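Chemist: Got a predicted structure here, sequence first:
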Amino acid sequence: MNESDTNANRPTIGKVSSTVPIDESPSRLRSPRELLRDSFYWLIPTLLSIPLIFRGITARPLSHDEFYTLHAINKGLDQHYWELPLVPYYWLMQQWTIQGTYTSDFVLRFPSGIAALASVALVAVTAKRVHSRRAGLFAGLLLAFSPVTPVFAHDARPYAIGAVLFSLSSLLLVRALQGGSIGNWLIYGVVILAGAAVLPVGLVAVSGQALLVLYLRKSNKAFGFWLAALAVSIPAVLFHALLLPGFSERKAWAAQPGLLDIITGFTWTGSAGTAGGLMTGGSGLLIITLGLLSRDGRYWLGAATVGILALWVVSLGPTSFWSGKSAITLVALATVGAGISLAGFSRLTSGLIVVVAAALALEAFTATRQPRTIEPDLRQATAIISQNVDKSSVVIDRGSEYGIATAVRQYSDRDDLVFDDTPNGPFWTVYQEPDCTVIERWDLGGDAYLKLCEPL
């Protein structure tokens with residue numbers, strides 16, 4: 001697309017203007033300067049995201065859930081069949097780590113970091129595709145500064161990877177609706193299939209995309225093409241539907257949402273549940289507010305809201321998926337809308353808002369590198385054991401996916417430690433398995449203690 005960002009008569013996304021070329025392939029080789037000029041709108045946010053994502057990516061130790069990923073890699077997928085919906089992700093991580101040969105914190109989190117980086121670029125390209133380069137630039141910057149980006153980039157779990165797949169599906173959907181071939185629809189369906197395999201709950205984004213189909217379509221046949229494309233993902237949907245009853249039993253502890261919880265869910269369209277502080281919450285609120293300020297922005301924000309409603313309905317069923325993380329795939333939709341609205345402001349106003357977004361990002365940028373207050377620091381526990389190995393070299397190993405044995409194997413470089421599930425002498429434990437007489441203990445945070453124990 002070669003439209004000018006100063007053109008006051010930009011085509012809206014409601015009906016794609018005939019002046020917008022569908023085929024953007026160049027008729028001649030472009031110079032590096034031209035390529036840079038045509039790419040700045042997504043290149044700037046992407047480059048800016050690199051330090052925001054990768055600085056301090058290993059500052060925190062692995063979280064409770066990340067240890068499940070590590071355990072599945074090291075011990076085998078058969079140890080996690082009770083987590084069947086996540087087995088495709090675990091399999092991918094096994095291949096990435098070369099069957100567990102390389103499992104440092106950086107290696108484990110690197111795929112999430114790359115996925116978060118790609119999401120920024122995809123959101124920028126999508127906003128440009130439906131509006132302008134200016135909208136693409138602002139959408140990319142807003143997502144780069146969103147707390148969602150560093151938080152999920154520093155997490156060896158499937159959320160960032162699922163998010164990038166569904167972000168890609170939104171871009172492919174726009175391309176198909178703007179006059180794409182059957183091949184475009186097929187690729188869209190394949191990407192939805194991949195997203196459903198890696199992050200099943202991310203399918204709530206598809207319900208939101210239904211609104212975009214109604215809004216962006218150029219003909220009444222578009223809705224039929226969309227439904228046909230989604231048929232590609234039926235195997236993944238059926239697979240997870242069959243697993244749902246058993247999965248429900250294991251998630252019986254999850255609270256089902258009430259009617260007023262929809263309000264909380266709406267805030268997740270801007271934050272994906274990462275809003276733990278005032279400034280971080282402000283980042284999510286900024287995306288939502290901007291989305292409300294233009295007609296086109298409201299449609300994209302509306303698509304994210306439809307996804308939240310779908311998540312709410314699903315969570316009323318046999319199991320609840322009601323959490324901010326489940327809304328990760330919806331943030332990209334809301335951010336596209338926010339970028340479109342911001343593109344309609346003057347340069348001074350939009351520039352000041354971007355500065356505010358950057359300021360609001362500081363809290364999340366710092367917090368992602370600080371110890372979690374709700375979880376024990378098992379990296380610290382490993383250091384304490386290494387310093388006090390003269391008191392005991394035995395670490396309890398009861399097969400816990402997130403236990404001290406898994407952490408010590410990850411963080412300790414000592415070769416004199418012994419792992420035992422029924423020790424006869426003093427041993428180290430965190431969750432006091434089995435019951436024992438505590439000799440000494442150290443506070444790890446998260447209401448957990450490293451304990452040097454004597455068997456009863």
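Modeler: Arrived safely, thanks for sending.
Chemist: Can you tell me how far the spatially most central residue of the chain is from residue 282?
Modeler: In the chain, the residue lying closest to the centroid (CA atoms, centre = their mean) is residue 160, at 2.8 Å. Using CB to CB, to the nearest Å, residue 160 is found at 22 Å from residue 282. Placement of C-beta: from N, CA and C, glycine included.
Chemist: cool, residue 225 as well?
Modeler: Here residue 225 is placed at a distance of 40 Å from residue 282 (CB to CB).
Chemist: before we move on, the earlier item: what about the residue nearest to the centre of the chain, helix or strand, and which?
Modeler: helix 159-177 (DSSP states H and E).
Chemist: and that helix, what other elements does it pack with?
Modeler: In terms of contacts (3 or more CB pairs under 8 Å, 6 or more residues apart in numbering; DSSP states H and E), helix 159-177 is packed against helix 105-130, helix 148-153, helix 182-198, helix 204-216, helix 221-230, helix 328-343.
Chemist: Neighbouring strands - and their directions - for the lengthiest strand in the chain?
Modeler: The strand that spans the most residues within the chain, counting by DSSP state E, is strand 436-445. Strand pairing for strand 436-445, determined by DSSP bridges: strand 448-455 (antiparallel).
Chemist: Show residues contacting the partner strand.
Modeler: Residues external to strand 448-455 that are found in contact with it (CB atoms under 8 Å, 6 or more residues apart in numbering): 375-376, 380-381, 384-385, 388, 391-392, 396, 404, 423-432, 434, 436-444.
Chemist: Which positions in it come out as buried?
Modeler: Within strand 448-455, the residues that qualify as buried are 448-453, counting by 16 or more other CB atoms under 10 Å.
Chemist: then it to PDB, C-alphas only?
Modeler: The C-alpha trace of strand 448-455 is given here as PDB (Å, rounded to 0.1, in the frame of the first residue of the first chain):
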ATOM      1  CA  ALA A 448       7.100 -21.200  51.400                       C
ATOM      2  CA  TYR A 449      10.300 -22.100  53.200                       C
ATOM      3  CA  LEU A 450      13.300 -24.100  52.400                       C
ATOM      4  CA  LYS A 451      13.700 -26.600  55.200                       C
ATOM      5  CA  LEU A 452      16.500 -28.800  56.400                       C
ATOM      6  CA  CYS A 453      14.700 -31.700  57.800                       C
ATOM      7  CA  GLU A 454      15.300 -34.900  59.900                       C
ATOM      8  CA  PRO A 455      13.100 -37.900  59.000                       C
END
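Chemist: so who does residue 73 touch?
Modeler: 90, 93-94, 97, 99-100, 103 are the contacts of residue 73 under CB under 8 Å, 6+ apart.
Chemist: go with 7 Å
Modeler: By CB atoms under 7 Å, 6 or more residues apart in numbering, the residues touching residue 73 are 90, 93-94, 97, 100, 103.
Chemist: chain center to the helix or strand harbouring it, what's the gap?
Modeler: Residue 73 belongs to helix 64-75 when elements are defined using DSSP H and E. Here helix 64-75 is found 18 Å from its chain centre; the criterion is CA atoms, centre = their mean, to the nearest Å.
Chemist: what comes up buried for the helix or strand that comes right after it?
Modeler: Next helix or strand after helix 64-75 toward the C-terminus (DSSP H and E): helix 87-96. Going by neighbour count (16+ other CB under 10 Å), the buried part of helix 87-96 is 87-90, 93-94.
Chemist: Make JSON lines out of these and add distance to residue 242 and pLDDT.
Modeler: Shown next, in JSON lines, are those (distance: CB to CB, whole Å; pLDDT from 0 to 100):
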{"residue": "87", "distance to residue 242": "14", "pLDDT": "88"}
{"residue": "88", "distance to residue 242": "15", "pLDDT": "90"}
{"residue": "89", "distance to residue 242": "18", "pLDDT": "94"}
{"residue": "90", "distance to residue 242": "19", "pLDDT": "94"}
{"residue": "93", "distance to residue 242": "24", "pLDDT": "97"}
{"residue": "94", "distance to residue 242": "23", "pLDDT": "96"}
